[in-house]
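Student: I would like to see how this sequence folds:
(one chain, ligands or ions: 1)
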Amino acid sequence: MASFSSLIGSRLVMTVRGPIPYKNIGITDAHNHVWIDPVPGADLASPVLNQFDSIVNELIEYRTEGGHTLLDCQPNGCGRNGNKLLALSKAADVNIIACSGFHRKKYYPRDHWLWNSSAEKVCDFITNEITKGLFETLDTAVPVNAGFIKIAIESTWPDCPHAALEGAAAAAYKTETLLEIHTEKGALAEKICLYFMDMGLFPTQLVLCHMDKRPDLVLHKELARSGVLLEYDTFYRPKYNPQTNLWPLIEQMAQANLSKSVALATDMAEANLYHSLGNGAGLASLPGEIHKQLQEKGFPQAVQAQMLGGNIARRLVGIH
Ligand SMILES: [Zn+2]
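Tutor: Below is the predicted model of the structure:
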């Protein structure tokens, strides 16, 4: 197939069903989870999402409410299943963008190869998943490619997996791919941006996840002005007080003309956030309830479109 750089040049986003023009990705959840296999040897509290029919139904509801696309943020080795992502995408007719990279150590068996590998090996692995296909799909008729890189950092720098970070940086640099970064409630946000910029990445290649758990407006404005995309997702997590933290943050960022640096998501890794698996709001809440609240609060249509997909779409193809 065409090289990944030529995909970027033609402004195509790589979904599990193949490339599509970035302008067609529509309402997009910038950080979600629609499949997680159980991982033997991982932390016993690791989430599992493997009830195919219920997940298909929620994806269909997502599409019915106006959702087109979502980024699945479960990387290799901690429950990702590219073949299931493809089957879900086909069954529900929703675009799913899969990732390569790594999650927090606790979601893997202790002896997983990622944590004892050189940066070069991690870089080669991620690069192959972007250019050739997710490893668990390589022996299928049409391998599924990763469309972005998702990594995780811990709350302190010494605890971060340094070789893996370096490998992810090199892969993102080489393939010009978007890098989503799980942060522990926004910790190390400034440091990790500088780190990746030192490694040659553009700030517009970086997405900082869960930043609304650290609702520091001054910091958010500074990061947004640098070009980094900030992902907010605590809409249905009462312990983070979304009414007093998340919603005012969205309003203040829009007032400061920085909504082009904000992406909204629901991050439903836990089954209890699904309405068919637990008692949660469900996948359809982003195009549904959240979209409706943005309208009721009077956000201009263009601002809503940016935060509900436009911003992540542009960055997936390397446009600020
Ligand atoms: Zn997540």
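
Student: how near is residue 116 to residue 122?
Tutor: 11 Å (C-beta to C-beta, to the nearest Å). Where C-beta positions appear, they are placed from N, C-alpha and C, glycine not excepted.

Student: Among those two, which residue is more densely surrounded?
Tutor: Ranked by neighbour count (other C-beta atoms under 10 Å), residue 116 and residue 122 place residue 122 first, with 27 against 11.

Student: Now that we're looking at the more buried one, what pLDDT does it have?
Tutor: Looking at residue 122, its pLDDT is 98.

Student: how close does the residue nearest to it when sequence neighbours are not counted get to the ion?
Tutor: In space, and not counting its chain neighbours, residue 122 is closest to residue 167: 2.6 Å by C-beta to C-beta, 6 or more residues apart in numbering. For residue 167, the distance to the ion equals 21 Å [C-beta to the ion, to the nearest Å].

Student: which residues sit against the helix or strand encompassing residue 167?
Tutor: Using DSSP states H and E, residue 167 sits within helix 162-175. Residues outside helix 162-175 that contact it (C-beta atoms under 8 Å, 6 or more residues apart in numbering): 4-5, 100-102, 114-115, 117-123, 125-127, 130-131, 149, 151, 153, 177-179, 195-196, 199-201, 205.

Student: In strands, which of those fall?
Tutor: In strands, judged by DSSP state E, the following of those are found: 100, 101, 149, 151, 179.

Student: which ones among the contacts of helix 162-175 come in contact with the ion?
Tutor: Checked against the ion using C-beta under 5 Å from the ion, those give no members in range.

Student: Please check the residues you listed and keep the buried ones.
Tutor: 4, 100-102, 114-115, 117, 119, 122-123, 125-127, 130-131, 149, 151, 153, 177-179, 195-196, 201, 205 (16 or more other C-beta atoms under 10 Å).

Student: how about the helices in the stretch 1-150 of the chain?
Tutor: 4-9, 52-64, 82-92, 119-131 (DSSP state H, counting those that start in this stretch).

Student: what about the helix holding residue 167, distance to the chain center?
Tutor: Relative to the centre of its chain, helix 162-175 is centred 17 Å away, using C-alpha atoms, centre = their mean, to the nearest Å.

Student: That helix versus helix 119-131: what angle between them?
Tutor: 40 degrees (axes from the mean of the first three to the mean of the last three C-alpha atoms, to 10 degrees).

Student: any idea of the mean pLDDT in helix 162-175?
Tutor: 98.

Student: And for the closest residue to the ion within the stretch 1-150 of the chain, the neighbour number?
Tutor: Nearest residue of the stretch 1-150 of the chain to the ion (C-beta to the ion) works out as residue 73 at 4.4 Å. Around residue 73 there are 27 other residues, counting by other C-beta under 10 Å.

Student: With residue 258 instead?
Tutor: Neighbours of residue 258 using other C-beta under 10 Å come to 16.

Student: Can you list phi and psi of it for me?
Tutor: phi -120, psi 20 (degrees, to the nearest 10).

Student: Centre of the chain to the helix or strand residue 207 falls within, how far?
Tutor: Assigned by DSSP H and E, residue 207 belongs to strand 206-209. Strand 206-209 sits 8 Å away from the centroid of its parent chain (C-alpha atoms, centre = their mean).

Student: Within the sheet, what are the partner strands of it, with directions?
Tutor: strand 179-182 (parallel), strand 229-232 (parallel) (DSSP bridges).

Student: Helix or strand next in line after the last one, which one?
Tutor: When you say that, I think you mean strand 229-232. By DSSP H and E, the next helix or strand past strand 229-232 is helix 246-255.

Student: contact partners of that next one?
Tutor: Residues contacting helix 246-255 (C-beta under 8 Å, 6+ apart): 212, 215, 217, 220-221, 224, 230, 232, 234-235, 240, 259, 261-262, 264, 293-294, 297, 299, 303, 307.

Student: Need the buried ones from the residues you listed selected in PyMOL.
Tutor: To isolate the buried members of those in PyMOL, using 16+ other C-beta under 10 Å:
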select buried, resi 212+215+220+221+224+230+232+234+235+240+259+261+262+264+294+299+303+307
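
Student: Which members of the contacts of helix 246-255 occur in helices, if any?
Tutor: Cross-referencing the contacts of helix 246-255 against helices under DSSP state H gives 217, 220, 221, 224, 293, 294, 303.

Student: ok, so of those residues, who is nearest the ion?
Tutor: residue 220 (19.3 Å).

Student: Now do the contacts for the closest one.
Tutor: Taking C-beta under 8 Å, 6+ apart, we find residue 220 in contact with 211, 230, 249, 253, 258.

Student: Nearest spatial neighbour of the last one, chain-adjacent residues omitted?
Tutor: Of all residues beyond its chain neighbours, the one nearest residue 258 is residue 224 (4.2 Å), with distances taken as C-beta to C-beta, 6+ apart.
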